[in-house]
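*Asks:* Provided below for reference: sequence and predicted model.
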Amino acid sequence: MKHSYSIKGMTCQGCVASVKGKLEGIPNVQEVEVNLEKGEATISIQEHIPIGELRASLPEKYSIAEKESGMLHEATLEETSKWKQLRPLFLIFAYLFAAAFLLNYKAWDSREAMLDFMGLFYIVFSFFKFLDLRGFPDSFRMYDPLAKAVPVYGWVYPFLELGLGLFFLMRFQVQLALWATVFILGVTTFGVTKTLLDKKSIRCACLGTALKLPMTEATFIENAIMLVMAFWMILA
């Protein structure tokens, strides 16, 4: 008998190998196929295996859910809502907006405030990527077209973000940094849009792999805000 399961928490082929190995070690399991992009596992079994036994075999970073009649039954005791998962992202944006405002409220200048926001955005987001620099590229190339075509780009990306952040905050080569923003976030936004349209369930790597954020419309909006700011300042 074959059963399909949803697996959350996988970010790279190493995760695939780990999940596959753990599930294959369960008695009565004949064969395991794991799909990283879809976040799914298909298990051939000799007789019924309780979902609790499957869950117990996997490390805590992974959650497993059974698929039946097109419906997902979460194996975790309590499923965290999408909005709760995205709370760190919203908090970061709120802090960035507040910081940009406080830095400029005495002599308000929209352009200066946007430059500060964009600089802080890049610095903060690169920080989270540096927390797991080895794991970020695998996660990133799951949806970024350039990182998928040129793997080394995924390794360089956090350094690009850090550099652009410093350029904006130091007001150094601002025009170059704006065009670079249009390019790199334009490519990423294209990949995010395609992922959302294809309804793939993958992790967003915008805050690296340290925080488990789902790929949602919020990822598109965060990139869109930066792109709008960049275009506005280029055309102004």
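*Replies:* Ah, there it is. Every value quoted in this text rests on a predicted model; they were computed, and no experiment measured them.
*Asks:* for the chain, which spans come out with low pLDDT?
*Replies:* Applying pLDDT under 70 to the chain flags the ranges 67-83, 85, 201-202, 210-212, 214-215.
*Asks:* quick check: domain ranges of it?
*Replies:* 2-74, 82-235 (automatic domain parsing).
*Asks:* Next, format the ones you listed as CSV and append mean neighbour count.
*Replies:* All C-beta atoms are positioned from the backbone trio N, CA, C, and that covers glycine. Formatted as CSV, the domains of the chain follow (neighbours: other C-beta atoms under 10 Å):
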stretch, mean neighbour count
domain 2-74, 15
domain 82-235, 17
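*Asks:* Quickly find the element holding V34.
*Replies:* Under DSSP states H and E, the secondary-structure element containing V34 is strand 29-35.
*Asks:* Tell me which helix or strand comes right after that strand.
*Replies:* As assigned by DSSP H and E, the chain's next helix or strand after strand 29-35 is strand 40-45.
*Asks:* which residues touch that next one?
*Replies:* 1-7, 19-20, 23, 28-35, 49, 54, 64, 67 (C-beta atoms under 8 Å, 6 or more residues apart in numbering).
*Asks:* And stretch 93-101, by the same measure?
*Replies:* 113-114, 116-117, 120-121, 124, 222.
*Asks:* chain center to it: distance?
*Replies:* Put simply, stretch 93-101 sits 21 Å off its chain's centre (C-alpha atoms, centre = their mean, to the nearest Å).
*Asks:* show me what contacts the nearest residue to L115 once chain neighbours are set aside?
*Replies:* Using C-beta to C-beta, 6 or more residues apart in numbering and skipping the chain neighbours, the partner closest in space to L115 is F168 (5.1 Å). F168 makes contact with 115-116, 118-119, 122, 174, 177 under the criterion C-beta under 8 Å, 6+ apart.
*Asks:* from these, which is closest to M226?
*Replies:* Of all the contacts of F168, M118 has the smallest distance to M226: 6.4 Å, by C-beta to C-beta.
*Asks:* Could you pull out the strands in the protein for me?
*Replies:* Remark: strands assigned in the chain by DSSP state E are 2-8, 29-35, 40-45, 63-68, 71-74, 203-204, 213-214.
*Asks:* Dump those strands to TSV, plus distance to K84.
*Replies:* TSV is the format used below for those (distance: least, C-beta to C-beta, whole Å):
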stretch	distance to K84
strand 2-8	14
strand 29-35	26
strand 40-45	23
strand 63-68	14
strand 71-74	14
strand 203-204	15
strand 213-214	11
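*Asks:* so which of those strands comes closest to V152?
*Replies:* Of all those, it is strand 203-204 that lies closest to V152, at 21.1 Å by C-beta to C-beta.
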